[in-house]
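Undergrad: the following comprises the amino acid sequence and a computationally predicted model.
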Amino acid sequence: MADLSANFLGIKSPNPFWLASAPPSDKEYNVVRAFEAGWGGVVWKTLGEDPPIVNVNGPRYAALMSQDRRVIGFNNIELISDRPLRTNLDEIRRVKRAWPDRAMVVSLMVPVEEAAWKRILLMVEDTGADGIELNFGCPHGMSERGMGSAVGQVPEYIRRVTEWCKLYSRLPTIVKLTPNITDIRYAARAAHAGGADAVSLINTINSVMGIDLDRMTMYPSIDGFGSHGGYCGPAVKPIALNMVAEIARDAGTRDLPISGIGGITTWRDAAEFIALGCGTVQVCTAAMVYGFKIVEDLCSGLNNFMDSHGYARIEDFLGRAVASVKDWNVLNLNRVEKAVINQDSCIQCGRCHVVCEDTSHQAISASKDGKRHFEVHEEDCVGCNLCVSICPVPNTISMRALQPGEIDKRTGIEVSGDYANWTTHRNNPAAAQ
Amino acid sequence: MNGSDIRAGRLADEEYAANFGDAHPPLNYTQALIEADRCYYCHDAPCITACPTGIDIPSFIQRIAQDNIRGAATAILEANPLGGLCARVCPTEVLCERACVRNCNESKPVEIGALQRYATDAYFAAPGAPLFIRAPDTGKVVAVVGAGPAGLACAHGLARRGHRVILFDSRPKLGGLNEYGVATYKTAGDYAQEEVRWLMSIGGIEARNGQSLGRDFTLDGLIAEHDAVFLGMGLGGVNALGVADSGLEAVRDAVDFIAELRQTPDKSRLPIGRRVVVIGGGMTAVDAAVQSRLLGAEQVTIVYRRGQEAMSASKVEQRWAQTNGVTLRFWATPKEILSGARGVTGVRFAITEAVSGKLTETGESFIVEADMVLRAIGQTYLPEAAGTRIALKGGRIATDERGRTNLAGVWAGGDCRHGGRDLTVEAVEHGKCAALDIDAVLSEARHG
């Protein structure tokens, strides 16, 4: 039985699964239900100044679905907490007192004014909460008022507000980053420079979910008009993993703890974020799609994975995959792989053939001796992995690496086994000669 | 033995309604989307090859998934104008669904038949503008004999291409076996006629019902008066049992039994025996046996002279019969219809076996008690109606792959044509292809 407990910036939780700052962590009732279900912690839905903001009283959410209506992507235009500040603070105090072993982090968003931050920081500290998370990510509604992602998109603002927080609060400070930027490293470096104890990412991505083609209005809309919302859910996981990896391997931020967010739905997703250096993971969409009970499945899966790999604690594999993420120009150009189709498990749908034929390198034939049969021809295969990626049967097409001494039938060149990359390639005009 | 307990009204009214409603409820919207998602959209899909009409199955399923019902219906009806009926009656388990690659790992193919029905039903429920528009009139007139699946498909194909069609049929209604020969629960409601109405709506087809080849007109007459002739009469004859059964009212042809059932709106008026024996091993035997049960017969037995694997009714059909309480007996051939003062009391069967492939009787026999006996041992082509000039093969009309007979200007298709498995969907393909070939020939004549 692996130890799933997390110690993130000194904030302890029985497991690394925190509810992200979002509707599921909006009030005492929900958070207590989450703790009863087994969630390791919550980041309380963002507090702002009174008077509270107001939300639309119509569609706030919309989903991108697979054919059998599994949610792939999710979008919302809900703003920060729409309840009075005092109500939230009282509830946070009560819940933390009743659940001392769970992580209680409070998300904050007030205007970029030192006095405003000082005021709210003192009130939050007074609740007994374990930490604060600065919402520099919300891409809708608040950003138009100069908060949320409007701060997260300007490194100087990130740094300045982070400094105020470190000045006026003793609580660990997590800076939540927006993905709506061109290079996440600038935002992370600014947080680091401001003294942030950690970053969390990603917040949601600007999105329009679709168009109602009968009404010719964007969707979701209220009274005929819509506004871009924040996109999340399984579809954003690859974007989040990339940004996490960029921060984890950047010289300026590689020591900065990360709380990973972005489409985490299964234990595997969580383990992937941890392997890229996330000490905790935050979940929202999966809970909003399936309810709080999923934390049991997340813990069960993570525990069994860790047991089977001999990881006793989260720290045992934390960041283990970071070193595998590199810039393209150092990838080994001498490595040659070829697709192989397992004829025993191939069901002969022929998709590998047609996509290779139509969109790639014409390396998979569709018949043999007049019969339906799909086979890779190494003389044409560039090892692109397209067939592996689209094959509907698990483990039926795999990639085989040519061994040193083997001839690549496509190029006629013998595989050397030596490492060589673009920086020294003869086709690279900038290569060191 | 007490014989001849044959009477109507064995069941309550609501039981008749339930028994003769849809045997397999159609997919709803949600089910259709989920099932459509199972299709892998195979390249050069094996299901297309397995469909006698070559429907682009992955495309129509993809279009269901994309909420494009009209597009799905177009893909189906372009290849098979009777796609709605075929979705109901095709033995998909031996055609498209047997070829589905999902069988490999799951033994559970995509439910192609059910999806096809979903698409065609949804389209016909709200058809909108016509899918097919008749081409300008060519001035050519084609006679189509028989308004079953072959004749209808041919007539529709010709009408689309601007030819006028005179459609002859001996029965009062169009549809052939679709109307008269298929179990009621497979085409619940008035589906066969709905489909006929849609096919006829293309325009340019003049139906002449109650007109029988060889009685009311001759093939030579048709040839003389039309630019082309398509023969799709089906099989008019029924094989005899080879035992004395004449004059016994309780011994009937299963095809007549099925036809009467289909044409009787109030099923409670139909007499049925308490015990029914159906002799045969095809889909007609299953349809007759199951419907006997559904009319309230207590004991229904299908007796087939060979083993189960030789039955032409598919495994799914066999299971359907058994699920409906029909007993299947194999390796027995009828020797004698037993009767008493009150009518039929049973059938004596000789036990058979295969001796080096040849069916022989073992000398043993048994009796199955019965009040009613249904003959379903196959149908035959009656060649007299079309005259002696037309060449036959294996007792049916000989054609080339385009459906051309030995007589210039005469095509044939459906069950009366030699070759094939006597499937509705094959008859449709015959009619469809013949229409294409006739059109090509007539166009050549026009332009050449």
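TA: Arrived safely, thanks for sending.
Undergrad: name the nearest residue to the residue of the stretch 251-400 of chain A found nearest chain B, sequence neighbours excluded.
TA: Residue of the stretch 251-400 of chain A nearest chain B, by Cβ to the nearest Cβ: A:Gly350 (3.3 Å). In short, each C-beta sits where N, CA and C put it, glycine included. Using Cβ to Cβ, 6 or more residues apart in numbering or on different chains and skipping residues adjacent in sequence, the residue nearest A:Gly350 is B:His43, 3.3 Å away.
Undergrad: for that neighbour, give me its contacts.
TA: A:Cys349, A:Gly350, A:Arg351, A:His353, A:Val354, A:Ala366 (Cβ atoms under 8 Å, 6 or more residues apart in numbering or on different chains).
Undergrad: neighbour count, secondary structure and pLDDT added to those residues, as JSON lines?
TA: Shown next, in JSON lines, are those (neighbours: other Cβ atoms under 10 Å in any protein chain shown; DSSP: H, G, I helix; E, B strand; the rest coil; pLDDT from 0 to 100):
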{"residue": "A:Cys349", "neighbour count": "27", "secondary structure": "coil", "pLDDT": "97"}
{"residue": "A:Gly350", "neighbour count": "24", "secondary structure": "coil", "pLDDT": "97"}
{"residue": "A:Arg351", "neighbour count": "19", "secondary structure": "helix", "pLDDT": "98"}
{"residue": "A:His353", "neighbour count": "26", "secondary structure": "helix", "pLDDT": "98"}
{"residue": "A:Val354", "neighbour count": "18", "secondary structure": "helix", "pLDDT": "98"}
{"residue": "A:Ala366", "neighbour count": "17", "secondary structure": "strand", "pLDDT": "97"}
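Undergrad: possible to save the residues you listed as JSON lines with distance to A:Met123?
TA: Putting the contacts of B:His43 into JSON lines (distance: Cβ to Cβ, whole Å) gives the following:
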{"residue": "A:Cys349", "distance to A:Met123": "61"}
{"residue": "A:Gly350", "distance to A:Met123": "64"}
{"residue": "A:Arg351", "distance to A:Met123": "58"}
{"residue": "A:His353", "distance to A:Met123": "64"}
{"residue": "A:Val354", "distance to A:Met123": "62"}
{"residue": "A:Ala366", "distance to A:Met123": "69"}
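Undergrad: so which of the residues you listed comes closest to A:Asp130?
TA: A:Arg351 (50.2 Å; Cβ to Cβ).
Undergrad: list the contacts of the closest one.
TA: Each residue near A:Arg351 by Cβ under 8 Å, 6+ apart is listed here: A:Ile390, A:Cys391, A:Pro392, B:Tyr40, B:Tyr41, B:Cys42, B:His43.
Undergrad: now a PyMOL select for only the buried ones of those residues.
TA: Under the burial definition 16 or more other Cβ atoms under 10 Å in any protein chain shown, those of those that qualify are selected in PyMOL by:
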select buried, (chain A and resi 391) or (chain B and resi 40+41+42+43)
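Undergrad: burial check on the nearest residue to A:Ala34 once chain neighbours are set aside, number of neighbours?
TA: Nearest non-adjacent residue to A:Ala34, counting by Cβ to Cβ, 6+ apart: A:Phe292, 5.0 Å away. Neighbours of A:Phe292 under the rule other Cβ atoms under 10 Å in any protein chain shown: 21.
Undergrad: is the residue of the stretch 251-400 of chain A closest to chain B in contact with A:Ala366, as I believe?
TA: Yes. The pair A:Gly350 / A:Ala366 is scored as a contact, 6.0 Å apart, by Cβ atoms under 8 Å.
Undergrad: so what sits against both of these two?
TA: Contact criterion Cβ under 8 Å, 6+ apart; residues shared by A:Gly350 and A:Ala366: A:Arg372, A:Phe374, B:His43, B:Asp44.
Undergrad: max-length helix in the chain?
TA: Using chain A here. In chain A, assigned by DSSP state H, the helix with the most residues is helix A:294-309.
Undergrad: chain B, not that one
TA: In chain B, with assignment by DSSP H, the single longest helix is helix B:424-447.
Undergrad: quick revisit: okay, and the residue nearest to A:Gly350 sits in which element?
TA: Following DSSP states H and E, one finds B:His43 outside all helices and strands.
Undergrad: how much space between it and A:Phe374?
TA: Distance from B:His43 to A:Phe374, counting by Cβ to Cβ, to the nearest Å: 9 Å.
Undergrad: overlap in contacts of the two?
TA: Each of A:Gly350, A:His353, A:Ala366 lies in contact with both B:His43 and A:Phe374 under the rule Cβ under 8 Å, 6+ apart.
Undergrad: return the member of those residues nearest to B:Gly414.
TA: A:Gly350 (33.1 Å).
Undergrad: among the contacts of A:Arg351, which lie within helices?
TA: A:Ile390.
Undergrad: and B:Asp22, what's its pLDDT?
TA: Per-residue confidence (pLDDT) for B:Asp22: 89.
Undergrad: contacting residues around it?
TA: Taking Cβ under 8 Å, 6+ apart as the contact definition, B:Asp22 lies against B:Tyr185, B:Ala188.
Undergrad: repeat for B:Ala297
TA: Shown in contact with B:Ala297 (Cβ under 8 Å, 6+ apart): B:Arg10, B:Ile272, B:Gly273, B:Arg274, B:Arg275, B:Val276, B:Met372.
Undergrad: low pLDDT regions in the chain?
TA: Going with chain A. For chain A, the stretches flagged by pLDDT under 70 are A:432-433.
Undergrad: nope, chain B
TA: Along chain B, the parts satisfying pLDDT under 70 run over B:1-3, B:246, B:448.
Undergrad: pretty sure B:Phe168 contacts B:Phe217?
TA: Yes. The criterion here is Cβ under 8 Å, and B:Phe168 meets it with B:Phe217 at 7.2 Å.
Undergrad: more neighbours, the two?
TA: A side-by-side neighbour count of B:Phe168 and B:Phe217, using other Cβ under 10 Å, places B:Phe168 first with 23 against 18.
Undergrad: how much space separates that one from A:Ser308?
TA: Going from B:Phe168 to A:Ser308 by Cβ to Cβ gives 75 Å.
Undergrad: same deal with B:Ala313?
TA: Counting by Cβ to Cβ - B:Ala313 and A:Ser308 are separated by 51 Å.
Undergrad: higher neighbour count, those two?
TA: Higher neighbour count among B:Ala313 and A:Ser308: B:Ala313, with 25 against 9, using other Cβ under 10 Å.
Undergrad: name the nearest residue to that one, ignoring sequence neighbours.
TA: Once flanking residues are discounted, B:Ala313 sits nearest to B:Val286: 4.7 Å by Cβ to Cβ, 6+ apart.
Undergrad: now the strand or helix carrying that neighbour against helix B:424-447, angle please.
TA: Counting by DSSP H and E, the element that carries B:Val286 is helix B:283-294. Counting by axes from the mean of the first three to the mean of the last three Cα atoms, to 10 degrees, helix B:283-294 lies at 130 degrees to helix B:424-447.
Undergrad: elements contacting helix B:283-294?
TA: helix B:254-263, strand B:275-280, strand B:299-303, helix B:315-323, strand B:326-329, strand B:372-376 (3 or more Cβ pairs under 8 Å, 6 or more residues apart in numbering or on different chains; DSSP states H and E).
Undergrad: for chain A, find the nearest of the ones you listed.
TA: With Cβ to the nearest Cβ, the closest approach to chain A among the helices and strands packed on helix B:283-294 belongs to helix B:315-323: 21.8 Å.
Undergrad: run through who's touching that closest one.
TA: Applying Cβ under 8 Å, 6+ apart, the external contacts of helix B:315-323 come out as B:Ala23, B:Pro91, B:Glu93, B:Met283, B:Val286, B:Ala289, B:Val290, B:Ile302, B:Gln308, B:Met311, B:Ala313, B:Leu328.
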